[in-house]
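[1] Sequence below, structure please.
(one chain, ligands or ions: 1)
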Amino acid sequence: MVFLSYLIEMNEITKISPPSGKPVRERKPDWIRVKAPMGKAFEETRKLMREHKLNTVCEEAACPNIGECWTKKHATVMILGDVCTRACAFCNVKTGMPMPVDALEPQHTADAAAKLGLEHIVITSVDRDDLPDGGASQFVKVIEALRRTTPDTTIEILTPDFRNKADAAVEAIVAARPDVYNHNLETVPRLYPNIRPGARYYASLRLLEQVKRLDPSIFTKSGIMLGLSEQRLEVHQVMDDMRSADIDFLTMGQYLQPTPKHVKVDEFIKPQAFDAYASIARAKGFLLVASSPLTRSSYHAGDDFAKMRQAREEKLARAGA
Ligand code: SF4
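    Model (predicted):
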């Protein structure tokens with residue numbers, strides 16, 4: 001029953017009926033309909049996350065891919081608690097005063113990764129503007145625990161912008177040498193005041209540029225959501241800005257309204273339009289582009305990491321030829 005209601009939630013949207021003013025549920029377009037999360041492997045992933053007291057962005061963000069990802073034992077661990085100090089208009093994570101940092105979380109994360117037998121793990125966090133380092137040292141401890149416990153697992157981190165302390169935070173994390181450093185720009189700069197009010201577009205770009213400057217061997221990655229009323233040329237400009245910051249991997253996916261309280265979907269972008277954006281992005285020089293309605297920054301992250309590594313090798317081989 002839980003799964004059925006979850007499926008209904010994921011495949012419907014809430015709209016306000018004009019004559020009555022009452023909310024009504026409508027089906028999402030067919031191209032973003034997903035299967036109900038269920039099955040033995042899905043349950044095992046869920047059980048393991050609970051046993052190790054880990055939060056996942058898959059659940060907190062009500063990600064539509066949870067059925068597919070958890071069945072394949074892919075989950076994105078969300079460290080530093082499940083309460084965020086910001087309240088972005090698109091995000092389903094709770095806002096409020098977060099709990100103290102859990103000293104056992106790094107080892108719990110590493111143990112879960114080892115039990116799942118992960119070749120690649122994605123670690124993200126809530127925003128922790130309350131902490132002096134924004135939570136950077138916890139990212140470092142998680143990376144260190146993973147390297148000790150499961151040394152063959154490649155590590156991708158998806159960090160906040162570490163407002164007002166980004167330089168020191170990025171230096172510390174880069175020194176711990178994750179394989180991929182992801183930080184999402186989320187949307188075009190014009191929409192920041194409404195969609196991402198606590199953040200600054202150029203500060204986020206600078207953060208990614210700094211990662212590459214400090215250690216060019218770390219892959220950098222960033223993503224945006226489409227369907228928030230961004231214009232085509234604005235998206236192209238974001239791509240240019242990302243290339244100027246030497247970002248390797250661009251992800252683009254459809255924004256989905258997690259609850260009626262969040263900002264509404266302005267448009268469901270057709271799959272063909274995602275393909276067209278992907279072609280333009282590739283022409284602009286990204287090593288890798290993932291663009292589809294259901295693309296999320298951690299969707300197929302392991303496979304994409306392997307593709308990105310191969311693309312870099314081919315590029316270096318061409319340059320040396
Ligand atoms: S796409 Fe990412 S956040 Fe969504 S279920 Fe998969 S791993 Fe979790």
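
[2] Secondary structure of Ile247: a strand, I assume?
    No - applying DSSP: H, G, I helix; E, B strand; the rest coil, one finds Ile247 to be coil, outside a strand.

[3] can you pull out the strands in the stretch 1-150 of the chain?
    12-16, 23-27, 55-56, 76-79, 83-84, 94-95, 120-125 (DSSP state E, counting those that start in this stretch).

[4] hey, least reliable of the ones you listed by pLDDT?
    Lowest mean pLDDT of the strands of the stretch 1-150 of the chain: strand 12-16, a mean of 55.

[5] List the contacts of the residue in the stretch 101-250 of the chain positioned nearest to the ligand.
    As assessed by Cβ to the nearest ligand atom, the ligand sits closest to Val122 within the stretch 101-250 of the chain, at 6.4 Å. C-beta coordinates here come from the backbone N, C-alpha and C atoms, glycine included. By Cβ atoms under 8 Å, 6 or more residues apart in numbering, the residues touching Val122 are 76-77, 156-158, 182, 297-298, 301.

[6] In helices, which of the residues you listed appear?
    Using DSSP state H to define helices, the subset of the contacts of Val122 located there is Ala301.

[7] ok, and which of the contacts of Val122 reach the ligand?
    Filtering these for proximity to the ligand by Cβ under 6 Å from any ligand atom leaves 76, 298.

[8] Adding neighbour count, write the contacts of Val122 out as a markdown table.
    Converted to a markdown table, the contacts of Val122 look like this (neighbours: other Cβ atoms under 10 Å):
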| residue | neighbour count |
| --- | --- |
| Thr76 | 24 |
| Val77 | 23 |
| Glu156 | 24 |
| Ile157 | 24 |
| Leu158 | 24 |
| Asn182 | 25 |
| Ser297 | 25 |
| Ser298 | 30 |
| Ala301 | 25 |
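
[9] Distance to Lys165 added to the contacts of Val122, as TSV?
    Output for those, formatted as TSV (distance: Cβ to Cβ, whole Å):
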residue	distance to Lys165
Thr76	24
Val77	23
Glu156	22
Ile157	16
Leu158	18
Asn182	19
Ser297	22
Ser298	24
Ala301	26
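
[10] next SSE after whichever strand or helix holds Tyr192?
    Here Tyr192 sits within helix 192-195, counting by DSSP states H and E. Using DSSP H and E, the helix or strand that directly follows helix 192-195 along the chain is helix 201-214.

[11] And that next one, what's buried?
    201, 204-212 (16 or more other Cβ atoms under 10 Å).

[12] same check, this time on stretch 268-278
    For stretch 268-278, by 16+ other Cβ under 10 Å, it's 268-269, 273-274, 277-278.

[13] do the same with stretch 121-139
    Across stretch 121-139, burial judged by 16+ other Cβ under 10 Å covers 121-129, 131, 134-139.

[14] And for stretch 284-297?
    Buried residues in stretch 284-297, defined by neighbour count with 16+ other Cβ under 10 Å: 286-297.

[15] For it, the averaged confidence score.
    Averaged over stretch 284-297, pLDDT sits at 96.

[16] Can you give me the end-to-end span of that stretch?
    Start-to-end span of stretch 284-297 (Cα to Cα, to the nearest Å) is 20 Å.
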